[in-house]
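Asks: Predicted model and sequence below, questions to follow.
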Amino acid sequence: PTPIRLADYAPPAWVAEHVDLTFDLAPRGARVRARIRFVKGPGEAAGGPLRLDGQKLRLLSAAVDGTDALPSITVDEEGLTLAPADNAPLPDAFTWEAEVEIDPEANTELEGLYLSNGVYCTQCEAEGFRKITYFPDRPDVMATYAVRIEAPTSIPVLLSNGEPGATGPLPGDRHFAEWTDPWPKPSYLFALVAGELVAHTDAFTTASGRPVALAIHVRPGDEDRCAYAMDALKRSMRWDETEYGREYDLSVFNIVAVDDFNMGAMENKGLNVFNSKYVLASPETATDRDYELIEGIIAHEYFHNWTGNRITCRDWFQLCLKEGLTVFRDQQFSADMRSEAVQRIDQVKMLRARQFREDAGPLAHPVRPEEFIEINNFYTATVYEKGAELIRMLRLIVGAETYRAALDLYFDRHDGQACTIEDWIAVFEDASGRDLTRFRLWYAQAGTPRVTVSEGWVEDAPGQGGRYTLTLRQETPSTPGQPLKKPVPIPVAFGLLGADGRELIEPGVLELDDTERCWSFELPERPVPSLLRGFSAPVILERRSSEAERAFLLAHDRDPFNRWEAARALALEVMMGAASADAFAEALLPAITDASLDPAFRALLLTLPGEDEIARETWSRGRPADPDAIHAAAKAARKALAEALEPELRGLYEAMETPGPYTPEAGDAGRRALRAAALGLLARLPVGAGMAEAQCGAANMSDRLPALAALLASGSPAADAALDAFAADWRHDPLVMDKWRMLQATASRPDTLARVKALSEAPDFPWKTPNRFRSLVAAFAQNPCAFHQADGSGYRFLADWLIRLDPVNPQTAARVAGAFETWRRYDAKRQKLIRAELSRIAATEGLSRDMAEIVSRMLD
Ligand code: DPP
Ligand code: ZN
């Protein structure tokens with residue numbers, strides 16, 4: 001297939017102004033009648049033939065302006081073309097009518113209209129609407145919609161976008177419901193849900209006093225697990241009003257939880273559809289982390305109502321326009337709801353683990369890609385997370401007030417439009433008066449810049465202070481298709497600390513806006529610099545630093561991110577055998593026992609880097625990563641640290657017990673996290689296994705799950721019985737059983753692969769449901785030791801499953817295939833084994849476009 005290129009963008013020849021849809025729901029032969037008002041588009045091709053996208057549709061009838069004496073229609077696999085008859089042009093405006101038949105039950109790809117556990121549901125982003133009816137399925141065609149759903153009365157709840165309209169009975173035990181969405185929207189935001197659902201309802205009044213009826217629809221039995229999601233929704237709605245001046249714009253807001261879903265959730269106008277994992281929570285079934293994710297994702301989808309829906313993307317190359325911005329907004333929200341420092345550290349951990357990894361491998365691409373074969377492959381950490389980092393930098397560069405002014409201008413200027421990154425940058429230029437030409441490079445260049453630091457100190461006279469110079473240099477390694485890189489503007493937040501930890505000058509931001517820049521400062525003493533505070537830019541900072549200096553920053557830096565960063569750097573040295581665990585323990589001790597520090601922050605200090613991170617670090621220092629050696633070293637380091645800190649860890653374990661019933665509130669969650677971090681280390685000692693085993697009986701999942709993980713890590717023979725007990729308790733609950741599978745898939749036991757194989761071959765393993773597949777197969781591929789075992793059996797296991805899943809669900813299969821993207825890090829033998837599996841996948845007959853693209857990029 002030929003790639004689609006940003007450079008080839010052309011405005012649509014025809015635009016749809018209004019769409020009427022009537023659905024007649026049936027599992028095998030659902031009928032969709034569309035009546036669409038088309039008018040000439042803005043582009044050069046305006047008024048030419050009408051091309052409509054359509055896939056897997058059976059066209060039953062079609063008419064233009066009410067007559068089926070049609071201009072010529074040619075139907076192919078990808079859509080249809082309506083050409084003027086006898087060279088007579090199509091009228092300047094006309095009404096297209098078509099009836100098609102589709103098969104929701106056979107739809108395992110989960111794009112378009114499908115059935116999930118008896119619930120009809122749609123997913124149209126990015127290009128799923130074309131599987132529902134013939135349409136110009138591109139985001140720059142924005143129309144109003146009116147929808148009528150007809151179904152048997154056994155399907156009581158019938159939902160679509162916008163405002164509810166008439167409902168009523170139909171002959172033959174059937175009924176209907178109508179919906180109208182007054183806000184013009186692109187087709188990817190269309191949604192329909194129908195099923196036997198129950199609603200958890202609430203109400204919200206907007207800042208200007210308009211009432212909104214809120215509902216979360218779930219399957220019967222799940223209604224008492226919606227309270228937290230509802231609370232998060234109301235907080236999100238209020239926050240967007242106070243922080244961005246954005247009010248909700250319909251009288252209803254519906255959320256539905258479905259079990260089969262490729263992504264986390266979807267921001268359809270007025271009808272958000274969620275993976276049930278990100279809605280349902282109770283203390284017994286969900287961990288603190290689950291609650292946090294629910295809060296963040298509910299907010300994310302809600303915030304899309306303005307950043308994505310009211311202002312959308314002109315084309316899919318601009319995906320970061322809505323995703324980078326909406327991720328940034330949900331990050332700001334979570335920082336306001338919880339601890340800002342802890343949130344920032346978690347974000348950076350994720351950014352490094354997923355986006356830096358992507359940026360350093362064969363799948364690297366710019367935040368705004370310039371070509372793609374399958375857009376589903378570009379819902380990536382780069383578009384989302386690096387996209388958010390770019391907005392964070394913009395805000396730092398122009399200041400919080402100007403940022404708000406720029407956003408106000410964006411909403412004023414572009415409401416109702418489909419926009420580009422150029423439009424986005426222009427509002428910042430207009431609001432700030434700055435020229436941001438160079439900043440655009442951040443959107444166009446892939447790869448993570450490396451910033452190196454050199455320093456100088458010239459003393460005026462002994463004991464008299466002197467001149468400190470700081471030189472920063474940047475370089476971005478080449479990435480696929482981009483051998484040469486230009487320097488990008490990098491804001492480096494910094495402070496200069498004196499020997500007593502005091503700031504020697506007012507902290508500020510250095511703008512590294514060229515390949516190299518140098519700054520100098522007159523100071524009373526030679527400082528210790530604290531650079532890239534708050535992780536002010538998505539770069540790799542390289543600065544040779546001593547253990548003593550890191551310990552100093554861990555003790556004194558007033559920037560919590562850099563305190564944590566110092567601990568992480570020390571931990572990496574220990575785990576890579578370059579520093580002693582005792583020295584690290586000594587540096588860590590004051591901070592982890594400092595009761596004035598947030599327990600959640602202390603938990604992060606105590607959580608050592610994972611083996612994947614050590615592999616990345618090893619490779620970036622020019623050595624191939626050896627997963628077995630890394631595992632052994634990491635294990636030894638954890639044990640040594642546990643030995644050195646045993647009394648303090650036991651003290652924390654006691655002190656952090658949370659009295660009273662479980663609440664998901666951040667303070668309690670932080671105490672549990674610190675307790676779990678202590679237990680995770682103690683489990684490496686004989687004493688810890690018993691503690692973990694005892695905690696496996698905890699009533700709430702936030703205590704129970706880490707205890708089970710610690711018990712597994714301890715190597716205790718009690719682990720299997722505890723796993724069995726867990727399964728016996730939760731066999732009926734698929735979301736909880738995902739956790740059970742994931743624990744086993746990520747465990748570092750010698751027989752992990754055999755166990756995972758057995759679980760995957762169990763006849764009742766519902767692998768076609770993405771959450772189940774991810775909990776076992778994708779989780780296994782994140783297990784550094786088991787996946788990378790030297791004989792290649794881990795690679796073969798994954799490839800076999802990808803080949804099996806691809807024809808069923810190409811989007812999820814291609815996503816999971818990304819596990820192979822790190823192949824260059826490893827020794828020649830492993831590289832060869834991985835490449836052989838990738839070639840085997842590539843050679844599979846009938847491979848999806850999604851998988852073919854991902855695999856060929858990884859093999860390049
Ligand atoms: N647009 C969705 C989201 O990121 C993903 N399809 O929220
Ligand atoms: Zn999003």
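Replies: Perfect, I can see it now. In this text the structure is predicted, and so the values were computed from the model without any measurement. Ligands and ions are numbered 1, 2, ... in the order given.

Asks: All the strands of the stretch 51-200 of the chain, in order from the start?
Replies: 58-64, 72-76, 79-83, 93-102, 112-116, 119-123, 142-152, 157-160, 163-170, 174-186, 192-195, 198-205 (DSSP state E, counting those that start in this stretch).

Asks: do you know which of these lies nearest ligand 1?
Replies: Within these, the stretch nearest ligand 1 is strand 119-123; the backing value is 8.0 Å (C-beta to the nearest ligand atom). (Each C-beta comes from the backbone N, C-alpha and C, glycine too.)

Asks: Partner strands of that closest one and their direction?
Replies: Strand 119-123 has the following sheet partners, assigned by DSSP bridges: strand 112-116 (antiparallel), strand 192-195 (antiparallel).

Asks: okay, the angle between it and strand 142-152?
Replies: Interaxial angle, strand 119-123 versus strand 142-152 (axes from the mean of the first three to the mean of the last three C-alpha atoms, to 10 degrees): 160 degrees.

Asks: Pull the contacting residues for Ala194.
Replies: 25, 119-121, 149, 151, 155, 157-159 (C-beta atoms under 8 Å, 6 or more residues apart in numbering).

Asks: okay if I get those residues as CSV plus pLDDT, neighbour count and distance to Ala754?
Replies: Output for the contacts of Ala194, formatted as CSV (pLDDT from 0 to 100; neighbours: other C-beta atoms under 10 Å; distance: C-beta to C-beta, whole Å):
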residue, pLDDT, neighbour count, distance to Ala754
Leu25, 98, 22, 44
Val119, 98, 22, 36
Tyr120, 98, 26, 40
Cys121, 98, 24, 37
Ile149, 99, 24, 48
Ala151, 98, 22, 47
Ile155, 98, 19, 44
Val157, 98, 20, 44
Leu158, 99, 25, 47
Leu159, 99, 27, 45
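
Asks: Kindly present those residues as CSV, with separate columns for distance to Glu845.
Replies: Below are the contacts of Ala194 laid out as CSV (distance: C-beta to C-beta, whole Å):
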residue, distance to Glu845
Leu25, 34
Val119, 33
Tyr120, 32
Cys121, 31
Ile149, 39
Ala151, 38
Ile155, 38
Val157, 42
Leu158, 41
Leu159, 40
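
Asks: what's across from Asp181 in the sheet?
Replies: So, taking DSSP bridges as the rule, Asp181 has Tyr145 as bridge partners.

Asks: What residue spans form the domains of this structure?
Replies: Domains of the chain are assigned by automatic domain parsing as 1-108+129-193, 450-539, 543-682, 731-860.

Asks: Out of the contacts of Ala194, which is nearest to ligand 2?
Replies: Cys121 (18.0 Å; C-beta to the ion).

Asks: Go ahead and confirm that closest one touches His217.
Replies: No. Using C-beta atoms under 8 Å, Cys121 makes no contact with His217, being 10.6 Å away.

Asks: joint contacts of the two?
Replies: 193, 256.

Asks: Per-residue pLDDT of the residue in the stretch 501-650 of the chain that ligand 1 sits nearest to, please?
Replies: Using C-beta to the nearest ligand atom, Pro538 is the residue of the stretch 501-650 of the chain that sits closest to ligand 1, at 19.0 Å. Listed pLDDT for Pro538 reads 99.

Asks: Quick check: the closest residue in space to it that isn't next to it in sequence vs Glu429, distance?
Replies: Once flanking residues are discounted, Pro538 sits nearest to Glu389: 4.1 Å by C-beta to C-beta, 6 or more residues apart in numbering. Relative to Glu429, Glu389 is positioned 20 Å away (C-beta to C-beta, to the nearest Å).

Asks: Mind checking which of these two has more residues around it?
Replies: Glu389 (26 against 15; other C-beta atoms under 10 Å).

Asks: got a list of what the more buried one touches?
Replies: Glu389 neighbours (C-beta under 8 Å, 6+ apart): 351, 537-538.

Asks: can you map out the helices along the stretch 451-600 of the chain?
Replies: 547-556, 560-575, 581-592, 599-606 (DSSP state H, counting those that start in this stretch).

Asks: Run through the stretch 251-400 of the chain and note the low-pLDDT ranges.
Replies: Residue ranges of the stretch 251-400 of the chain with pLDDT under 70: none are present.

Asks: Just the pLDDT at the closest residue to ligand 2 within the stretch 101-250 of the chain, thanks.
Replies: Using C-beta to the ion, the closest approach of the stretch 101-250 of the chain to ligand 2 is made by Glu125 at 8.9 Å. What the model reports as pLDDT for Glu125 is 98.

Asks: Tell me the spacing between it and ligand 1.
Replies: Separation of Glu125 from ligand 1 (C-beta to the nearest ligand atom, to the nearest Å) stands at 5 Å.

Asks: Assess the claim that that residue and Met266 are in contact.
Replies: Yes. Using C-beta under 8 Å, Glu125 is in contact with Met266, at 6.1 Å.
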